[in-house]
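Engineer: structural data only, the sequence is not supplied:
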């Protein structure tokens with residue numbers, strides 16, 4: 001349709017939100033200066049017309065033809081997620097494993113029929129929410145034992161079906177993206193309040209299947225915390241769990257599907273705990289002389305029982321890049337919210353704990369009964385946070401090697417992990433790229449440990465960016481496990497983290513997971529290669 005807003009098929013978000021040529025040029029100059037010179041010039045973005053995809057190997061049955069597509073745009077747009085590796089390949093026009101068919105079910109019955117067809121046709125079925133995976137979770141790289149691959153796009157299952165105001169819960173279809181979901185809850189005066197960075201381009205089903213981490217820095221950190229019940233279509237039948245506020249009746253069936261990344265079934269809807277909409281907010285930008293000093297204060301806040309909404313500690317490099325802090329200090333972005341009461345006392349106590357450990361609040365505490373602060377370091381960080389994926393795409397066009405990785409670790413191991421991982425990545429950047437830098441921030445904090453989130457940027461060699469990335473990624477992942485962290489706190493496993501996930505999980509659990517898959521997906525058609533080996 002004329003004037004219809006279009007999403008980028010190869011990169012992040014809306015095409016009209018991408019950095020302009022002038023902005024890309026300015027970014028290239030800044031990166032070249034920071035990396036010590038060299039050629040950092042932009043290449044043109046690819047066009048769909050330039051793609052040469054292999055012909056589809058599958059023909060849907062007549063009953064499903066209406067909801068299936070094999071055109072270039074559909075297949076190209078569903079080939080990859082949005083990781084650095086994905087974007088580099090797509091930007092180069094290299095689409096290694098495009099789905100043969102993109103299916104867009106209209107309802108749960110269509111999902112059942114699609115799985116039946118895939119089983120009969122020996123086709124792999126890869127559930128697809130909005131394609132924001134950064135770990136290779138939606139790529140149809142399924143091996144050569146299948147007749148083809150079907151990407152099952154759940155975007156048409158996008159409704160809030162029911163709201164229970166007494167229990168403060170809502171039944172929501174899995175294909176609802178963040179903004180759609182919130183728009184439908186707003187008239188009821190409630191909100192899910194789960195806001196990952198991918199909020200605009202990710203779905204409830206994707207959050208559930210990957211155990212998404214939201215904006216909350218403490219207490220309600222993962223989507224797990226909001227699940228009351230799930231409904232899942234498996235090749236062996238529909239599984240529906242019971243709505244309960246809590247239960248001690250054996251292992252939780254909900255938790256078996258949370259984080260299952262599409263290998264056990266297709267999540268079609270969930271009863272989710274919702275909350276009243278926020279009325280009171282307070283925020284502060286707390287400066288520390290060092291990242292380690294800031295970490296001591298964050299631990300004090302995390303163990304105080306105050307449960308801040310935001311408690312993101314940025315090291316000096318991250319604070320400079322993301323919040324414009326130019327004095328070399330680390331920055332703690334601290335925030336509290338409530339639908340019930342002013343939060344002045346909570347943030348005042350948190351600021352007091354920070355002050356006891358060297359923190360200062362030069363801009364003072366900002367309070368609001370409507371919208372959050374949009375000024376100062378907190379506002380600068382928020383704008384940078386929301387625009388970061390578009391900047392990453394621009395850096396890809398400039399030939400840079402750029403990525404993030406995250407973990408979680410107990411407080412007693414944090415300092416060693418931070419130093420060890422930073423050193424390993426810095427060494428890899430120097431060895432592989434000749435230059436580069438790494439920064440760190442906390443995205444979430446718990447009484448027993450933080451979730452450090454690292455970013456790195458380095459110059460790339462033309463045509464070698466992926467091999468460079470692979471070496472750096474391996475060095476980072478090896479170091480994370482060696483120093484006691486998890487291979488992922490909230491990005492999921494997918495294909496990119498698989499070999500480190502295999503090292504982290506207990507062998508007995510791996511056998512139990514394989515047995516569960518065999519029971520629910522006997523033909524092994526669902527997302528082969530994710531979490532478990534393909535058949």
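Structural biologist: In hand now; what should we look at? Owing to the predicted nature of the structure, the values given are computational and were not obtained by experimental measurement.
Engineer: contacts and neighbour counts: CA atoms only from here.
Structural biologist: OK.
Engineer: give me the below-cutoff pLDDT ranges for the protein.
Structural biologist: For the chain, applying pLDDT under 70 flags the ranges 1-3, 37-39, 369-375.
Engineer: ok, now with 50
Structural biologist: Along the chain, the model assigns pLDDT under 50 to residues 1-2, 370-373.
Engineer: most remote residue from it's center?
Structural biologist: The centre of the chain is farthest from one residue, residue 62, which by CA atoms, centre = their mean lies 36.2 Å away.
Engineer: quick check: phi and psi at it.
Structural biologist: Dihedral pair for residue 62: phi -60, psi -40, per degrees, to the nearest 10.
Engineer: one more: the one 3 residues further on?
Structural biologist: When quoted as degrees, to the nearest 10, the phi and psi of residue 65 stand at phi -60, psi -40.
Engineer: who's in contact with it?
Structural biologist: If a contact means CA atoms under 8 Å, 6 or more residues apart in numbering, then residue 65 has no contacts.
Engineer: show me what counts as buried in stretch 291-298.
Structural biologist: Applying a neighbour-count criterion of 16 or more other CA atoms under 10 Å, one finds 291-298 buried in stretch 291-298.
Engineer: which one of those is nearest to residue 253?
Structural biologist: Residue 253 has its nearest neighbour among these in residue 298, at 34.3 Å by CA to CA.
Engineer: quickly find the element holding that closest one.
Structural biologist: Using DSSP states H and E, residue 298 falls within helix 291-302.
Engineer: helix or strand next in line after that helix, which one?
Structural biologist: Next along from helix 291-302, by DSSP H and E: strand 310-314.
Engineer: follow-up on the earlier one: and which of the buried residues of stretch 291-298 is nearest residue 82?
Structural biologist: Among those, and counting by CA to CA, the member closest to residue 82 is residue 291, at 29.6 Å.
Engineer: tell me which residues touch that closest one, please.
Structural biologist: For residue 291, the contact set (CA under 8 Å, 6+ apart) comprises 313-316, 329-330.
Engineer: and what of residue 64?
Structural biologist: Taking CA under 8 Å, 6+ apart as the contact definition, residue 64 lies against 110, 113-114.
Engineer: wouldn't residue 149 be in contact with residue 100 here?
Structural biologist: Yes - using CA atoms under 8 Å, residue 149 is in contact with residue 100, at 5.5 Å.
Engineer: more crowded one of those two?
Structural biologist: Using other CA atoms under 10 Å as the criterion, residue 149 and residue 100 rank with residue 149 on top: 30 against 27.
Engineer: that's a helix at that one, yeah?
Structural biologist: No - judged by DSSP: H, G, I helix; E, B strand; the rest coil, residue 149 forms no part of a helix; its state is strand.
Engineer: give me the nearest residue to it, chain neighbours excluded.
Structural biologist: The shortest distance from residue 149 to any non-neighbouring residue, by CA to CA, 6 or more residues apart in numbering, is to residue 124 (4.5 Å).
Engineer: check contacts around the one you found.
Structural biologist: The contact partners of residue 124, taken as CA under 8 Å, 6+ apart, are 118, 140, 142, 146-150, 524-528.
Engineer: how about the residues you listed in JSON lines, adding distance to residue 168?
Structural biologist: Formatted as JSON lines, these follow (distance: CA to CA, whole Å):
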{"residue": "118", "distance to residue 168": "38"}
{"residue": "140", "distance to residue 168": "38"}
{"residue": "142", "distance to residue 168": "41"}
{"residue": "146", "distance to residue 168": "44"}
{"residue": "147", "distance to residue 168": "45"}
{"residue": "148", "distance to residue 168": "43"}
{"residue": "149", "distance to residue 168": "39"}
{"residue": "150", "distance to residue 168": "37"}
{"residue": "524", "distance to residue 168": "37"}
{"residue": "525", "distance to residue 168": "37"}
{"residue": "526", "distance to residue 168": "33"}
{"residue": "527", "distance to residue 168": "34"}
{"residue": "528", "distance to residue 168": "37"}
